[in-house]
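Participant: Generate coordinates for the sequence data below:
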Amino acid sequence: MPSLPLIVGTAIRRHRLLPDGAGCVVGVSGGLDSVVLLDLLRRQAARYGWTLHVAHFNHRLRGRASDADERFVRELAREFGLPITCDAGDVRGHAGTRRCPVEVAARELRHAFLARVARATGFFRVALAHHANDQTETFFIRLLRGAGGEGLAGMRFESPSPADPAVLLVRPLLDVTRAELEAHARAAGLRWREDASNREERPLRNWLRRRVVPLLEQRTRGALHRLVNRAAQIVAAEAHFSREEADRWLSRGARRPRFDRLAVAVQRQVIARQLTELGVEARFEWIEALRLDTAVPVTTCAGLIWRDPEGRLHRGRTEGSAFQTAEGTLDLRAPAGRVDFAGLRGAWRCFSVSPGWKVPPPVLGREFLDAARLGRRVVLRHWRRGDRFQPLGLPTPAKLQDLFTNAKVPRDARHAAVLLANTAGEIVWVERLRLGEAAKVRPSTRRVFEWRWERPEA
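Facilitator: Now for the predicted structure:
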C-alpha cells in the first residue's frame, strides 16, 4: 500500500495544487488533520522548493482551550522552523451582527483571516486539511438539505476563497481518510489537540460522524468514502455539463432553441444563472416556480421576478398582470415601517415585551407574531404551487391550495391573497386564513412583530 506522503504528493502533482517553487499559507488549527497536513508539506518542501507560512485563527469559542490551541500551534511552527501568523476574532459577536449560526460566522472570519495572510505574504495558495471523511460528511449534509448536483459534488481539490477570489484554497488530503492520518501521526510521533466540542452530537456534522457514518462504513465494508467520492465525481461532471449547456444557450441570443425544449436540468441552470446575475439567491423553489409558469411572477427577497416564454427573466410585473411592483420585503433591522403590496397596505413595528405579556384580543387587520422566529426580513408574496402552511391549531402543515379550498376562498382571490414568509421561507401568515404556528407568540417570546393591514378598495 502506498505511503501517505506518496499519496498526498501524487494528489498535489495530479491536480497541480502547488507548483514547484510556490509559496503556500497552511491553515493549522492544532487538530490531527491540520498537524498532519503541515508535517507532510514541510517534509516535501525542500524537494519541490515550496515556501510555507503557518496561519492560525483563534475563534475564542472555548475559552482557555482556544488559547491553548494557539500556544500549541505557535510551538509547532517554531519546532518545524516555519513563520506563523495568528489572529483572533469575536465569532459570537459576528454571529449576532450577521444573525447567522456561530458555525457560519466562524467560517466567515476564518476565511477572511486566511485571505489576509495570503495577501500579506504574497502566497496566493492556502492549504486546508479537509480529508475524505469530511467530504463524506459534507455529501450527506448537503443531501439532507436538498442540494443539487453542484452541492453534492462536494469540496474540490482547488477552489477560490469565499473571502477573496484571487486566493486559491487547495485541499491535498481529499483522497485520505482520517484513519490514515491518525496512523501517520502516530508513526511520526506527532502531537495534536483534541476539540472537545467534536464529541457533542447536536451539530448535524458531529451526529453524522459519530452515528451514521460508522454504520454505513460497516455496511459497505469500509468502502463508504470511495463510493461517496465516486458519486460526487459523477454528479459534479453532470452538473458541469448542464451548467455549460446553460451558458451556451444564454450566449446564443435569438438563434437558440426554445426554452421549453431544453432538458429540465438545463432549464434550471438557465434560470439559476439569471437569478444570480440579478443579485437574487438561486433557491430551488424560486427556480421551479419560474421554470414551470410564465404567468405568475415570483416574489423574492429582491422583489418580483418573472420569466417570459423565451426563457428570459425580468424584474417587476408581467404585461397585463394585476401584480404590483411595490417592494415585497420588510427589513426587520428597522424598528417599524410601511409597505404597499398588490393592493394591500401594511404597517408593522417590533417591540420588546416582558415575561407574561398577553396577546391583545383579535381584531381584523392586526396580528402579533414572535419577531425572533421571523429573522432579518419578512417577504410578502403570493401563493405558489406546492406552498404549505400550518395555521394555528393545525397539527402539521398542509397544502395551501387545500386550505384555501376548505375555507371556500374563491379561485381568483387565492392568487390575489398576500402571504408573509420569514427569512427561512416558512409561511407565517396568509390573508383570508388564520395566523400560522411557525411564528405565533409564546410564553418565551421577548420581542413581538405587530402587523397591521388593510385593503382600501374592500
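Participant: For Val418, list the residues it contacts.
Facilitator: Contacts for Val418 (C-beta atoms under 8 Å, 6 or more residues apart in numbering) come out as Phe341, Ala342, Leu344, Leu380, Arg381, His382, Glu431, Trp453. Just so you know, the C-beta spots here come from the backbone N, C-alpha and C atoms, and that holds for glycine as well.
Participant: oh sorry, the question was meant for Thr300
Facilitator: Taking C-beta under 8 Å, 6+ apart as the test, what Thr300 contacts is Leu275, Val280, Glu281, Arg283, Trp286, Gly328, Val379.
Participant: Would you map the helices across the stretch 301-450 of the chain?
Facilitator: Taking DSSP state H, counting those that start in this stretch as the criterion, the stretch 301-450 of the chain carries its helices at 400-406, 411-416.
Participant: And those helices, which one averages the lowest pLDDT?
Facilitator: Note on those: lowest mean pLDDT is at helix 411-416, with a mean of 74.
Participant: Buried residues in that helix, which are they?
Facilitator: By 16 or more other C-beta atoms under 10 Å, the buried positions in helix 411-416 come out as Arg414, His415, Ala416.
Participant: now Leu4, nearest residue through space, not along the chain?
Facilitator: His184 (4.5 Å; C-beta to C-beta, 6 or more residues apart in numbering).
Participant: Okay, now the unreliable bits of this structure?
Facilitator: Counting by pLDDT under 70, the chain shows low-confidence ranges at 1-2, 197-198, 254, 294-296, 299, 301-303, 316-327, 412, 457-458.
Participant: Find the residue at the geometric middle of it.
Facilitator: Centroid-nearest residue in the chain, with C-alpha atoms, centre = their mean: Val104, separated by 8.5 Å.
Participant: does it belong to a helix or a strand, and which?
Facilitator: Assessed by DSSP states H and E, Val104 sits inside helix 102-121.
Participant: what's that helix packed up against?
Facilitator: Contacts defined by 3 or more C-beta pairs under 8 Å, 6 or more residues apart in numbering; DSSP states H and E place helix 102-121 against strand 23-27, strand 51-58, strand 84-88, helix 91-98, strand 125-127.
Participant: As CSV, those with mean neighbour count and distance to Phe449 would be great.
Facilitator: CSV is the format used below for these (neighbours: other C-beta atoms under 10 Å; distance: least, C-beta to C-beta, whole Å):
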stretch, mean neighbour count, distance to Phe449
strand 23-27, 23, 41
strand 51-58, 22, 36
strand 84-88, 17, 36
helix 91-98, 15, 19
strand 125-127, 24, 42
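Participant: Same list, those, but as a markdown table with distance to Pro257 please.
Facilitator: Below are the helices and strands packed on helix 102-121 laid out as a markdown table (distance: least, C-beta to C-beta, whole Å):
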| stretch | distance to Pro257 |
| --- | --- |
| strand 23-27 | 45 |
| strand 51-58 | 49 |
| strand 84-88 | 52 |
| helix 91-98 | 42 |
| strand 125-127 | 41 |
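Participant: Tell me which of these sits nearest to Gly356.
Facilitator: Nearest to Gly356 among the helices and strands packed on helix 102-121 is helix 91-98 (26.0 Å), distances taken as C-beta to C-beta.
Participant: who does the closest one touch, helix- and strand-wise?
Facilitator: Packing partners of helix 91-98 (3+ C-beta pairs under 8 Å, 6+ apart): helix 102-121.
Participant: Just the buried positions in the helix it packs on, please.
Facilitator: 105-118, 121.
Participant: Then stretch 304-316?
Facilitator: Residues of stretch 304-316 classed as buried under the neighbour-count rule (16+ other C-beta under 10 Å) are Leu304, Ile305, Trp306, Arg307, Gly311, Leu313.
Participant: Need the max-distance pair from the residues you listed.
Facilitator: Leu304 and Gly311 (17.5 Å).
Participant: could I have stretch 329-346 exported to PDB, CA atoms only?
Facilitator: Extracted C-alpha coordinates of stretch 329-346, given in PDB (Å, rounded to 0.1, in the frame of the first residue of the first chain):
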ATOM      1  CA  THR A 329     -39.600  42.800   1.700                       C
ATOM      2  CA  LEU A 330     -39.800  44.100   5.200                       C
ATOM      3  CA  ASP A 331     -36.400  44.700   6.700                       C
ATOM      4  CA  LEU A 332     -36.800  43.900  10.500                       C
ATOM      5  CA  ARG A 333     -33.500  45.600  11.300                       C
ATOM      6  CA  ALA A 334     -35.600  48.700  11.400                       C
ATOM      7  CA  PRO A 335     -38.000  49.200  14.300                       C
ATOM      8  CA  ALA A 336     -41.000  49.900  12.100                       C
ATOM      9  CA  GLY A 337     -42.200  50.600   8.600                       C
ATOM     10  CA  ARG A 338     -44.900  50.700   5.900                       C
ATOM     11  CA  VAL A 339     -45.500  48.800   2.700                       C
ATOM     12  CA  ASP A 340     -47.900  48.800  -0.200                       C
ATOM     13  CA  PHE A 341     -48.100  45.400  -2.000                       C
ATOM     14  CA  ALA A 342     -50.600  44.100  -4.500                       C
ATOM     15  CA  GLY A 343     -53.400  46.300  -3.300                       C
ATOM     16  CA  LEU A 344     -52.700  45.600   0.400                       C
ATOM     17  CA  ARG A 345     -51.500  48.400   2.700                       C
ATOM     18  CA  GLY A 346     -49.400  47.300   5.600                       C
END
